[in-house]
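Engineer: Sequence and computational prediction follow.
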Amino acid sequence: MYVPPHFREKRLSVLHDLIERSGLATLVTVGPNGLDASHIPMLLDRTVGPLGTLYGHIARANDQWHRPAALPALAIFLGPDAFVTPSWYTTKKLTGKVVPTWDYVAIHAQGQLTFFEDEERLLDLVTKLTQVHEGRREDPWAVSDAPRDFISAHLKGIVGFELSVSKLDGNWKLSQNRPAEDRAGVAEGLRREGGPQEVALAALMKQK
């Protein structure tokens, strides 16, 4: 991923925070017929490896897992994004030399991917994934709420994976290349005219 220096985010805790908020990622690998991509909820363990390790599962019927024992892979996580109109720039009034753009937050996590089929390990993974997302609810559902034989049957239909992260690239494109007055105009415009995603992007601009 090309990241201009003024957009690069290097703080590991910030990158990990976004990964955990994103939840869903795109897993990309190269197979015999070219590129393969699957959209998968992933779980981050910050304590395994210097940059963390990602875990998830794919359908057993998905050919993406029929690969060598370990292969290079890329997981793409996206944060909030929004169209930026030049009408929000102070520079528009001064010179008119402005064009639209798109602000966004993205992370590319690269590393070695391995797959596993052990039922107990799969059960631990789906339990943890469920706890992360159900834990936000007042009355959370738990894997243990379903009969064990029912869960075991479903586990036979999936394959787990572990992605040991060796490189993390963070692209925080938040109008840092614009004058301070233009950035302030973008943040205000996002808050005033946007929905939840635009408001979240404006909040990130204040932190950068």
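Structural biologist: Yep, that arrived.
Engineer: Show the average pLDDT along stretch 163-183.
Structural biologist: Throughout stretch 163-183, pLDDT has a mean value of 97.
Engineer: next one: that stretch to chain centre, how far?
Structural biologist: The chain centroid and the centroid of stretch 163-183 are separated by 14 Å under CA atoms, centre = their mean, to the nearest Å.
Engineer: Can you give me the end-to-end span of that stretch?
Structural biologist: 36 Å (CA to CA, to the nearest Å).
Engineer: how near is residue 133 to residue 139?
Structural biologist: Going from residue 133 to residue 139 by CB to CB, to the nearest Å gives 14 Å. In short, each C-beta sits where N, CA and C put it, glycine included.
Engineer: Same check on residue 97?
Structural biologist: 55 Å.
Engineer: which one's the longest helix in this structure?
Structural biologist: As assigned by DSSP state H, the longest helix anywhere in the chain is helix 119-134.
Engineer: between the following helix or strand past that one and helix 119-134, how many degrees?
Structural biologist: Moving toward the C-terminus from helix 119-134, the next helix or strand (DSSP states H and E) is helix 148-155. On the basis of axes from the mean of the first three to the mean of the last three CA atoms, to 10 degrees, helix 148-155 is oriented at 90 degrees to helix 119-134.
Engineer: what does helix 148-155 rub up against?
Structural biologist: Helix 148-155 has contacts (CB atoms under 8 Å, 6 or more residues apart in numbering) with 119, 122-123, 126, 143.
Engineer: In ChimeraX, how would I select just the buried ones from the residues you listed?
Structural biologist: Those of the contacts of helix 148-155 that count as buried under 16 or more other CB atoms under 10 Å are selected in ChimeraX with:
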select :122,123,126,143
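Engineer: Looking at the contacts of helix 148-155, which one is closest to residue 176?
Structural biologist: residue 126 (39.6 Å; CB to CB).
Engineer: who touches the closest one in this structure?
Structural biologist: Contacts of residue 126 (CB under 8 Å, 6+ apart): 57, 143, 151, 155, 158.
Engineer: Residue 94 now?
Structural biologist: For residue 94, no contacting residues are found, by CB under 8 Å, 6+ apart.
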